[in-house]
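> Sequence first, predicted coordinates after that:
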Amino acid sequence: MKLYNTMTRQKEEFVPIREGKAGIYVCGPTVYDLIHIGNARPMIVFDTLRRYLEYRGYEVNYVSNFTDVDDKIIKRANEEGVDASVISERYIAEARKDMHDMNVREATVHPKATEEIPDMIQMVQTLIDKGYAYEVNGTVYFRTRRFQDYGKLSHKNLDDLRSGNRELKVSGQEEKEDNLDFVLWKPKKEGEPFWESPWGEGRPGWHLECSCMSKKYIGDVIDIHAGGEDLIFPHHENEIAQSEAANGTEFARYWMHNAFLKIDNEKMSKSLGNFFTVREIGEKYPLQVIRFFMLSAHYRSPLNFSDDLVEAARNGLERILTAVERAEEALKQAEDSQPDDGQIRKVDELVEKYEAAMDDDLNTADAIAVIFELVRLSNTTIGEHISKAYCEKILDTLNLLCGILGIETHREEALLDEEIERLIEERQQARKDKDFARADAIRNELQDKGIILEDTREGVKWKKI
Ligand code: AMP
Ligand code: ZN
């Protein structure tokens with residue numbers, strides 16, 4: 001399989017460090033609010049990479065963190081008058097729910113920054129001992145110039161960075177030896193969470209978290225490091241500097257970065273305010289559709305979010321589900337006859353074509369085009385007097401190729417059930433809030449869909465009529 005490596009700017013054959021195993025680290029969200037659908041892109045794309053590598057026989061160790069200590073979390077906690085952990089735990093739970101609904105599998109490990117502080121302190125100490133870091137007034141800085149390879153991922157030159165940075169005046173700037181130096185450990189401010197360290201009470205810098213968590217859960221060298229393209233600089237560049245300086249070895253073999261999800265051709269982001277949360281979109285479309293939409297473009301191409309494009313994805317997915325239903329119906333009447341070799345071969349050829357697309361830097365757009373070829377083949381060849389073996393072959397292949405992309409091929413009862421549960425929960429909340437109009441509206445909506453609610457002592461029960 002070939003992967004485009006941001007480091008070398010070319011597609012390279014994926015060769016794992018240890019045969020048959022792949023360690024992948026994906027930078028996860030900062031949990032101060034619901035995730036938006038821009039954040040969902042790396043989640044879906046790299047979950048698909050994981051699924052494909054597993055299909056190819058790799059044992060994948062997939063690690064993705066939650067950044068649960070950060071200025072934005074602290075700000076939100078202060079606004080609500082609660083502890084920062086209340087905010088981060090709330091939004092970790094919400095992010096997990098969204099990931100589940102988008103069929104993003106649980107990572108092998110989802111480490112949280114706040115649970116890894118001793119390792120971070122250890123790494124800072126190693127960097128100080130090796131002369132790569134220094135402390136001033138409780139802040140520890142990384143001595144960027146000391147790391148010869150700085151800029152190798154983002155292909156930036158230190159002198160250009162320096163002149164670009166000259167005008168910047170950030171607090172603490174004066175105490176740095178060089179304005180390219182970045183923070184590894186910062187002293188606590190009033191009202192902030194903190195941990196004891198040899199440099200006083202404080203908390204780690206963001207970049208440090210990923211260097212430590214990837215080391216702990218994968219190793220000094222990881223196979224694939226991934227995230228959105230905005231992370232290339234400075235985040236990933238700084239991770240490389242810290243890890244390679246501390247561990248004395250290459251940090252990651254392959255660097256993969258997804259392009260942005262855009263809206264009106266601008267990056268979707270919290271700071272620009274032009275975002276939709278996954279939760280909001282989930283009320284308009286099944287999140288399966290969003291997953292299908294995300295994968296309909298290659299991960300390195302920018303993708304514009306619009307209702308029209310999502311509708312197109314919905315129609316496309318619908319065609320696949322209908323083909324599966326038809327094939328399942330046909331199977332019931334299929335005959336025990338010998339399948340046509342030529343037809344079987346055609347299906348096998350499509351599988352090969354699909355694999356070739358995925359092997360080419362995870363080209364899910366082309367892989368989906370192959371699924372549509374299979375749908376057409378199915379629709380034109382499956383009918384009366386069809387052999388059972390051929391019908392099963394088509395069905396198994398449709399299920400397989402969709403499954404690798406994390407796309408369910410059935411209008412899932414489970415999905416529907418979840419929707420019902422969610423509405424019931426919302427109704428309970430509405431009742432608690434004494435919003436009886438909303439509660440009744442939900443009951444009626446469910447009734448229209450053939451769902452009857454029963455309020456019992458054990459809680460609300462529901463049944464389909
Ligand atoms: P953050 O919580 O901002 O650190 O982002 C979490 C992940 O989402 C990172 O990998 C980002 O690169 C990615 N990301 C944020 N916004 C977008 C976007 N509009 N399109 C694609 N990826 C994004
Ligand atoms: Zn990271």
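Perfect, thanks for sending it. Ligands and ions are numbered 1, 2, ... in the order given.
> From here on, just use CA atoms for contacts and neighbour counts.
Fine.
> Just to be sure, Glu135 is in a helix?
No: Glu135: not assigned to a helix; according to DSSP: H, G, I helix; E, B strand; the rest coil it is strand.
> Next one: it from ligand 1, what distance?
Distance, Glu135 to ligand 1, by C-alpha to the nearest ligand atom, to the nearest Å: 27 Å.
> what's the neighbour count on that residue?
18 (other C-alpha atoms under 10 Å).
> Please name the residues that touch the closest residue to ligand 2 within the stretch 101-250 of the chain.
Relative to ligand 2, the nearest point of the stretch 101-250 of the chain is Cys210 (4.5 Å; C-alpha to the ion). Cys210 is in contact with Cys27, Asn65, Glu239, counting by C-alpha atoms under 8 Å, 6 or more residues apart in numbering.
> Using PDB, write out the CA atom coordinates for the helix or strand where it lies.
Per DSSP states H and E: Cys210 is located in helix 206-217. Extracted C-alpha coordinates of helix 206-217, given in PDB (Å, rounded to 0.1, in the frame of the first residue of the first chain):
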ATOM      1  CA  TRP A 206       0.100  21.100  24.200                       C
ATOM      2  CA  HIS A 207       2.800  19.700  21.900                       C
ATOM      3  CA  LEU A 208       4.400  17.700  24.700                       C
ATOM      4  CA  GLU A 209       1.200  15.700  25.300                       C
ATOM      5  CA  CYS A 210       1.300  13.900  22.000                       C
ATOM      6  CA  SER A 211       5.000  13.200  22.200                       C
ATOM      7  CA  CYS A 212       4.500  11.500  25.500                       C
ATOM      8  CA  MET A 213       1.300   9.600  24.800                       C
ATOM      9  CA  SER A 214       2.600   8.200  21.500                       C
ATOM     10  CA  LYS A 215       5.800   7.100  23.200                       C
ATOM     11  CA  LYS A 216       3.900   5.400  26.000                       C
ATOM     12  CA  TYR A 217       1.300   3.600  24.000                       C
END
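> Please work out the average pLDDT along that helix.
Helix 206-217 shows a mean pLDDT of 97.
> Could you see whether ligand 1 lies near it?
No: taking C-alpha under 6 Å from any ligand atom as the criterion, helix 206-217 and ligand 1 are apart, separated by no less than 9.8 Å.
> And that helix, what's buried?
Across helix 206-217, burial judged by 16 or more other C-alpha atoms under 10 Å covers Trp206, His207, Leu208, Glu209, Cys210, Ser211, Cys212, Met213, Ser214, Lys215, Tyr217.
> any idea which of these is closest to Lys75?
Trp206 (15.9 Å; C-alpha to C-alpha).
> who are the neighbours in contact with that closest one?
Applying C-alpha under 8 Å, 6+ apart, the residues near Trp206 are Thr67, Asp70, Leu184.
> Show me those that map onto strands.
Leu184 (DSSP state E).
> can you put the contacts of Trp206 in JSON lines and add neighbour count and distance to Glu283?
Converted to JSON lines, those look like this (neighbours: other C-alpha atoms under 10 Å; distance: C-alpha to C-alpha, whole Å):
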{"residue": "Thr67", "neighbour count": "22", "distance to Glu283": "27"}
{"residue": "Asp70", "neighbour count": "20", "distance to Glu283": "29"}
{"residue": "Leu184", "neighbour count": "26", "distance to Glu283": "41"}
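> Could you dump the contacts of Trp206 into CSV and include distance to ligand 2 and pLDDT?
Formatted as CSV, these follow (distance: C-alpha to the ion, whole Å; pLDDT from 0 to 100):
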residue, distance to ligand 2, pLDDT
Thr67, 9, 96
Asp70, 13, 94
Leu184, 14, 98
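> Looking at the contacts of Trp206, spot the one nearest ligand 1.
Closest to ligand 1 out of the contacts of Trp206 is Thr67 (8.0 Å), distances taken as C-alpha to the nearest ligand atom.
> partners of the closest one in the sheet?
With DSSP bridges as the criterion, Thr67 is bridged to Thr30.
> Could you tell me how far it is located from Ser85?
11 Å (C-alpha to C-alpha, to the nearest Å).
> ditto for Phe305
According to C-alpha to C-alpha, Phe305 and Ser85 sit 33 Å apart.
> what do you get for Ser337?
According to C-alpha to C-alpha, Ser337 and Ser85 sit 63 Å apart.
> what's the answer for Glu392, then?
Noted for Glu392: a distance of 51 Å to Ser85, by C-alpha to C-alpha.
> ok, now Pro204?
From Pro204 to Ser85 the distance is 16 Å (C-alpha to C-alpha).
> quick one, helices of the stretch 151-300 of the chain?
With helices called from DSSP state H, counting those that start in this stretch, the stretch 151-300 of the chain shows them at 158-165, 206-217, 237-247, 278-284, 287-295.
> got those helices as JSON lines, with distance to Gly20 columns?
JSON lines is the format used below for these (distance: least, C-alpha to C-alpha, whole Å):
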{"stretch": "helix 158-165", "distance to Gly20": "38"}
{"stretch": "helix 206-217", "distance to Gly20": "18"}
{"stretch": "helix 237-247", "distance to Gly20": "24"}
{"stretch": "helix 278-284", "distance to Gly20": "34"}
{"stretch": "helix 287-295", "distance to Gly20": "26"}
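> Check those for me: which has the lowest mean pLDDT.
The stretch with the lowest mean pLDDT among the helices of the stretch 151-300 of the chain is helix 158-165, at a mean of 72.
> Quick check: pLDDT value at Gly383.
So Gly383 comes in at 86 (pLDDT).
> Please read the previous query as pertaining to Leu127.
98.
> quick one: it and Glu244 touch, right?
No: counting by C-alpha atoms under 8 Å, Leu127 sits too far from Glu244 to count as a contact (10.1 Å).
> Show me which of the two is the more surrounded one.
Using other C-alpha under 10 Å as the criterion, Leu127 and Glu244 rank with Leu127 on top: 23 against 19.
> Which strand or helix spans that one?
Assessed by DSSP H and E, Leu127 sits inside helix 117-129.
> before we move on, what SS does Leu401 have?
Strictly by three-state DSSP, Leu401 counts as helix.
> Without its sequence neighbours, what residue ends up closest to it?
Excluding the flanking residues, the one nearest Leu401 by C-alpha to C-alpha, 6 or more residues apart in numbering is Ile371, at 7.0 Å.
> and the one you found, what is it in contact with?
Ile371 makes contact with Tyr354, Leu398, Leu401, Cys402 under the criterion C-alpha under 8 Å, 6+ apart.
> What distance do you get for it to ligand 2?
34 Å (C-alpha to the ion, to the nearest Å).
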